[in-house]
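Okay, sequence plus prediction incoming.
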Amino acid sequence: MRGVIFDLWGTLADWDADESNAFRRTIASATGHDEVRFAELWGQTYRQRETGPLAEAYRALGVPEAELDRVLAERHAYTRRTLQPRDGVVSTLQELRRRGFRLGLVSACSEDVAVAWPDTPFAGLFDAEVFSATCGYMKPDPEIFLLTAQGAGVEPDECLFVGDGANDELAGAERVGMRSVLIHRLGEEPMWPEARDWPGPRITSIAEVLDLV
């Protein structure tokens with residue numbers, strides 16, 4: 001094992017569901033769609049929001065041009081507020097680096113994460129950072145895992161992947177040769193139903209990665 005690749009949301013940083021839902025309501029109100037139609041469009045534009053410019057995705061949702069800059073600004077402000085490491089994350093990453101491991105970050109996310117990244121405590125902690133919004137792939141596309149391993153300077157079969165199980169990421173990482181580990185909070189079921197039957201190893205804190213490598 002020479003490298004450790006991490007998911008972002010739900011793994012290294014908490015996903016604030018309340019704030020996320022509030023922002024989704026902001027977009028919905030800007031579009032003027034009823035709840036049912038907006039839910040349909042939200043699902044249809046998921047990949048577009050995660051692999052390309054948010055402005056185009058919000059236009060597809062029905063956000064009018066007059067409201068577009070305001071909605072985009074609110075999204076970027078939301079991300080700057082919430083993109084913070086969980087307890088123990090920074091020290092664990094630093095210890096992995098001290099031990100000589102190559103580190104990668106692979107995230108299914110919209111463009112605001114990549115924009116905010118250099119100003120967060122995460123900046124400089126990884127050898128490779130791959131964001132779906134800027135690379136055009138998203139989990140579980142094999143390309144996004146391969147790009148991360150390549151950027152970190154390791155082969156996929158030399159990597160441990162750590163994630164909360166969203167987007168079929170655990171199996172996706174294993175399909176390219178990585179070994180996957182599910183992370184979820186102590187005393188709680190994994191957030192994603194599809195991860196609850198994960199047959200592989202599990203941890204409940206990032207610090208436990210140090211015992212696996």
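The structure has been received and is ready for your questions.

Please list the residues outside stretch 61-80 that contact it.
With contacts defined as CB atoms under 8 Å, 6 or more residues apart in numbering, stretch 61-80 is touched by 19-20, 23, 26-27, 30-33, 38, 41-42, 45, 54-55, 58-59, 110, 112-113, 115-116, 119. Using the backbone N, CA and C atoms, a C-beta is placed for each residue, glycine as well.

helix or strand for residue 78, which one?
helix 65-82 (DSSP states H and E).

Which positions within that helix qualify as buried?
67, 71-72, 75-76, 78-79, 82 (16 or more other CB atoms under 10 Å).

and whichever helix or strand comes after it, what other elements does it pack with?
Next along the chain after helix 65-82, taking DSSP H and E as the criterion, comes helix 89-98. Helix 89-98 sits against strand 102-107, with contacts defined as 3 or more CB pairs under 8 Å, 6 or more residues apart in numbering; DSSP states H and E.

now the angle between helix 89-98 and the strand it packs on, please.
On the basis of axes from the mean of the first three to the mean of the last three CA atoms, to 10 degrees, strand 102-107 is oriented at 140 degrees to helix 89-98.

before we move on, the earlier item: buried among the contacts of stretch 61-80? Make that a ChimeraX selection.
In ChimeraX syntax, the buried subset of these is picked out as below (16+ other CB under 10 Å):
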select :23,26,27,30,31,33,38,41,42,45,54,58,110,112,113,115,116
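
Narrow the contacts of stretch 61-80 to those in helices?
Those of the contacts of stretch 61-80 mapping onto helices are 19-20, 23, 26-27, 30-31, 38, 41-42, 54-55, 58-59, 112-113, 115-116, per DSSP state H.

Tell me the helices and strands packed up against the worst-scoring helix or strand of the chain on mean pLDDT.
Of all the helices and strands that make up the chain, helix 17-31 has the lowest average by mean pLDDT, DSSP states H and E, namely a mean of 90. Judged by 3+ CB pairs under 8 Å, 6+ apart, helix 17-31 is in contact with helix 35-44, helix 54-61, helix 65-82.

can I get those helices in CSV with distance to residue 159?
Below are the helices and strands packed on helix 17-31 laid out as CSV (distance: least, CB to CB, whole Å):
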stretch, distance to residue 159
helix 35-44, 31
helix 54-61, 30
helix 65-82, 27
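
Would you mind giving those as CSV with distance to residue 193 and mean pLDDT added?
Shown next, in CSV, are the helices and strands packed on helix 17-31 (distance: least, CB to CB, whole Å; pLDDT from 0 to 100):
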stretch, distance to residue 193, mean pLDDT
helix 35-44, 17, 95
helix 54-61, 26, 96
helix 65-82, 23, 94
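
With residue 174 as the reference, measure out to the spatially most central residue of the chain.
Nearest to the mean C-alpha position of the chain, by CA atoms, centre = their mean, lies residue 107 at 3.3 Å. Distance of residue 107 to residue 174, computed by CB to CB, to the nearest Å: 18 Å.
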